[in-house]
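Quick one: sequence plus predicted model below, questions after.
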Amino acid sequence: MTKNNWSVADICDEFPDYVSVLPQVFQPYGKIKKCQGGIETVLLEGDNRKLIELLNEEGEGRILVIQCPKLKSAVLGDRLAKLAIDHHWGGAIVDGAVRDIAALREMPICVYASATYPVRGKLNGGGEIGVVIKIGDVEVKPYDYLYADEDGIIVAATELF
């Protein structure tokens, strides 16, 4: 495997003791179906203001792992995906809802999400950046490393190759 030629299945075969597999509830929505990079976490409460703040920073190829357990709003859509692209984020994994699906499918970004919902979040405050979040049985920490493709999404404490 190389940095440009890998699959999640092959990584799981080669490094079974070093990876944790996120629950198989995520679907691909961006045009790009594969991403890897260091993780930045965001915990939201239905308000995506903290996410907007973060997306206005240089991403340097990092992968956003966003958790928003309240499915009464979408936290990422085409406008925020455009911000992510413009600021060089490597992708977004959303444990929660996204919207603008038709537009996302045409955008050059890797986006996986566990749900869709047509209503955007309200800007009423709340949320945290850089915290440990738990998705299923997996703890996802800032600066962990993530690999995602259509086989699944895995995290490791460090870059594996």
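That came through, no problem. Numbers count the residues shown, from 1 in each chain.

what about D137, how many neighbours?
Using other Cβ atoms under 10 Å as the criterion, D137 is surrounded by 9 other residues. Glycine gets a C-beta too; all of them are placed from N, C-alpha and C.

Now do the contacts for it.
Shown in contact with D137 (Cβ atoms under 8 Å, 6 or more residues apart in numbering): S20.

I39 versus that one, what's the distance?
The spacing between D137 and I39, counted by Cβ to Cβ, to the nearest Å, is 17 Å.

cool, and C12?
Distance of C12 to I39, computed by Cβ to Cβ: 18 Å.

beta partners of the most centrally placed residue in the chain?
By Cα atoms, centre = their mean, the chain has its centre lying nearest to I93, at 1.8 Å. Note on I93: beta-bridge partners by DSSP bridges are V65, Y112.

In contact with it, which residues?
So I93 contacts L22, F26, I63, L64, V65, I66, V111, Y112, A113, L146, A148, I153 (Cβ under 8 Å, 6+ apart).

of these, closest to I32?
Nearest to I32 out of those is V111 (Cβ to Cβ; 8.3 Å).

As a check, name the ranges of all helices in this protein.
8-14, 49-55, 78-86, 101-104 (DSSP state H).

Next, format the ones you listed as TSV and append mean pLDDT, distance to I129 and mean neighbour count.
Converted to TSV, the helices of the chain look like this (pLDDT from 0 to 100; distance: least, Cβ to Cβ, whole Å; neighbours: other Cβ atoms under 10 Å):
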stretch	mean pLDDT	distance to I129	mean neighbour count
helix 8-14	98	26	15
helix 49-55	93	6	19
helix 78-86	98	14	18
helix 101-104	98	22	15
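
Dump the ones you listed to JSON lines, plus distance to K141.
Putting the helices of the chain into JSON lines (distance: least, Cβ to Cβ, whole Å) gives the following:
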{"stretch": "helix 8-14", "distance to K141": "18"}
{"stretch": "helix 49-55", "distance to K141": "16"}
{"stretch": "helix 78-86", "distance to K141": "20"}
{"stretch": "helix 101-104", "distance to K141": "26"}
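
I'd like to know which of those lies nearest to K33.
That would be helix 8-14 among those, by Cβ to Cβ, at 10.9 Å.

Contacts for the closest one next, please.
Residues outside helix 8-14 that contact it (Cβ under 8 Å, 6+ apart) are M1, V19, V21, Y147, A148, D149, D151, G152, I153, I154, L160.
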